[in-house]
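[1] below is the sequence, then the predicted model.
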Amino acid sequence: MIPDKAFYVNPLNVKGSTFQLDKAESNHASRVLRLKQGDEICLLDGAGIGYHAKIKSIENNISGTIKESIPDLGENKCSVNLATALIKRDRFELLLEKATELGVNKIQPLTLERCVKKTMNFERSQKIVISSAKQCCRSRFPMLHEPIDMKKLLKNSDGQFISGLIGADKSLSELELDKNVTVIIGPEGDFTENEIGQMKNAGVLFYNLGGRRLRSETAALNSLAVLNELFD
């Protein structure tokens, strides 16, 4: 059984059957969580490998031995990315946290025409993503990108694009989906006609989210939860 206390380990600091944590992770483990020699922990390299490890030394930076290596620990079998409009900070940060827990691989913030927010604190957002990945024991940390507009998103096509749209004919479960999907979520005021036209021209598949008007973060999390169920 994998221990519930998880820490980031730089892949370069895993050598054979030994590991060493950096200063920040070591301080959190020893001074905050009061871990000691002999305790077992979970290590996550952020690139897709998890480890069941045992602490041997808490002198300086924590080091120890690897008991087991687990590729794709905590990861989905499919690739789901999220391209979401920037929204107010507290709700955007909640979305980052929960989207990470739901297994997204990439998070692409969007500056759309009806976005109230046009910027984000990238460093703070990245820390939230990493903290959430550690909390839920994900071995691959989602890639967070700087905001772009709709045109740039659709130009940099990678896999299949789908989008929640009020009035769409099909539900998400009725779409024919690939295993590499990017979900596009609009702002509170919805997409503009121009943005909808851009998506239609790019072959984006649209789906509805039911009869209620949802906040952006709710629409995103609802979509990710359904995709997890469909791809399970």
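    Noted; the coordinates are in hand. Numbers count the residues shown, from 1 in each chain.
[2] ok, and the closest non-adjacent residue to Met30?
    Actually, residue 30 is Ser. It isn't Met. Of all residues not flanking Ser30 in the chain, Ile58 sits nearest, at 5.1 Å (C-beta to C-beta, 6 or more residues apart in numbering). Where C-beta positions appear, they are placed from N, C-alpha and C, glycine not excepted.
[3] hmm, I typed the wrong one, I wanted Ser79.
    Counting by C-beta to C-beta, 6+ apart, Ser79 lies nearest to Asn180, which is 4.5 Å off, once chain neighbours are set aside.
[4] who's in contact with that neighbour?
    Taking C-beta atoms under 8 Å, 6 or more residues apart in numbering as the criterion, Asn180 is in contact with 78-79, 158-160.
[5] could you report the pLDDT at it?
    Note on Asn180: pLDDT of 92.
[6] so what pLDDT did the closest residue to Phe122 other than its chain neighbours get?
    The spatially closest residue to Phe122, leaving aside those adjacent along the chain, is Glu146, at 6.3 Å (C-beta to C-beta, 6+ apart). As predicted, Glu146 sits at a pLDDT of 97.
[7] quick revisit: from Leu33, how far off is the residue nearest to Ser30?
    11 Å (C-beta to C-beta, to the nearest Å).
[8] higher neighbour count, those two?
    Ile58 (18 against 12; other C-beta atoms under 10 Å).
[9] residues in contact with Leu73?
    2, 42, 44, 49-50, 137-139.
[10] buried ones in stretch 96-114?
    Residues 96-105, 107-112 are the ones in stretch 96-114 that count as buried (16 or more other C-beta atoms under 10 Å).
[11] with stretch 69-77 instead?
    So stretch 69-77, judged by 16+ other C-beta under 10 Å, has buried residues 70, 73-74, 76.
[12] quick one: end-to-end distance for that stretch.
    For stretch 69-77, the separation between the terminal residues is 18 Å (C-alpha to C-alpha, to the nearest Å).
[13] over to stretch 67-81?
    32 Å.
[14] neighbours of Lys200, how many?
    Neighbours around Lys200, by other C-beta under 10 Å: 12.
[15] what pLDDT is listed against it?
    96.
[16] now it: how far from Ala168?
    Distance, Lys200 to Ala168, using C-beta to C-beta: 11 Å.
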